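Participant: Sequence and predicted structure below; questions after.
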Amino acid sequence: MRVFIKFAKGLALLTGRLAESINLKDKRPVNLDITTIKFPLAAITSLLHRLSGIFIFLGVALLLYFLDLSLQSESGFALVLELLDSVFVKLLTWAVVAGLLYHLIAGCKHLLMDMGVGETKEGAHTGAVTVVVLALIAFMVAGVWIG
Amino acid sequence: MSNVTNLGRSGLSDWVIQRFSAVILAAYTFFILGSFLIHPDMDYVQWKTIFENNLMRIFSLVTLAALCAHAWIGMWTVSTDYITALQFGKRATAVRLLFQAGCILLISVYLIWGIQILWGF
């Protein structure tokens, strides 16, 4: 009987510890309060890289639509140019192209960092500033070209 | 959870595919932008001639495949980062799988539509 009680106690203790260790994973503090998280420029450019990725994933539909129309026939090609006369289509196309260019520029920085370029704290900041500057230039060039 | 729905069944494999496809997508983007620079007043015949070339069809198809892989890895990463129990509670797995199914559907549409465009004119 005594052996059985000992065994049961041991089992209970073990189960408790097991449950505790499983629950421990969920009890780790998680801070997702955006107002208390600092967002340095590198974090913002990284977040924009993700957002632009999601945006151009949908924007590809517009580009494929234009490619489809423009290759079908002479009149299809003319229709794309005609569609691009409207301010709304111009803005939408500019947004997709800008998203694409941002994603491309930030992606190039990503590949450079994969190769070990600019991995320090200062390097990351310089990289982020470079991305922002190049992206703004690209946005303007794309705007002039589409507009 | 993480190793069931990702493309290469391993993070390292996905990492490599993501970079490799990125280079192809960048090359294609520069090529298209370059063709607009070379032909500032592009007309239908010039545009059609570029895409009629068989090498261009292959380049476009490879890029389309790269786009599909790149988009899937990206959307998978985003969905496993932001659609978790932390934000969605017990329904997280269902919401995430639904979101991923939607992504696969759109990627399939892009792939099939893209092939139709490249060989259908």
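Facilitator: Arrived safely, thanks for sending.
Participant: Specify the local secondary structure of the residue sitting nearest the centre point of chain B.
Facilitator: Residue closest to the average C-alpha location in chain B (C-alpha atoms, centre = their mean): B:Leu67, at 2.1 Å. The assignment at B:Leu67 comes out as helix when based on DSSP: H, G, I helix; E, B strand; the rest coil.
Participant: Tell me if the longest helix seen in chain A is near chain B.
Facilitator: Using DSSP state H to assign secondary structure, the helix with the most residues in chain A is helix A:41-72. Yes - with C-beta under 8 Å from any C-beta of the partner chain as the criterion, chain B is reached by helix A:41-72 at A:50, A:53-54, A:57-58, A:60-61, A:64, A:67-68, A:70-72. To be clear about C-beta, it is placed using only N, CA and C from the backbone, and glycine gets the same treatment.
Participant: Show me what that helix packs onto, helices and strands only.
Facilitator: Using 3 or more C-beta pairs under 8 Å, 6 or more residues apart in numbering or on different chains; DSSP states H and E as the contact definition, the elements that helix A:41-72 packs against are helix A:74-83, helix A:87-114, helix A:121-146, helix B:44-52, helix B:54-82, helix B:92-119.
Participant: Next up, the contacts around the residue in chain B sticking out farthest from the centre.
Facilitator: What lies farthest from the middle of chain B is B:Lys90; by C-alpha atoms, centre = their mean that is 30.5 Å. With C-beta atoms under 8 Å, 6 or more residues apart in numbering or on different chains as the criterion, no residue contacts B:Lys90.
Participant: in chain A, which residue is closest to the centre?
Facilitator: With distances taken as C-alpha atoms, centre = their mean, the residue of chain A nearest its centroid is A:Arg50 (0.5 Å).
Participant: Okay, the nearest residue to it once chain neighbours are set aside and A:Asp85: tell me how far apart.
Facilitator: For A:Arg50, ignoring the flanking residues on the chain, the nearest one in space by C-beta to C-beta, 6 or more residues apart in numbering or on different chains is B:Val78 at 6.1 Å. Here the criterion is C-beta to C-beta, to the nearest Å. By it, B:Val78 lies 35 Å from A:Asp85.
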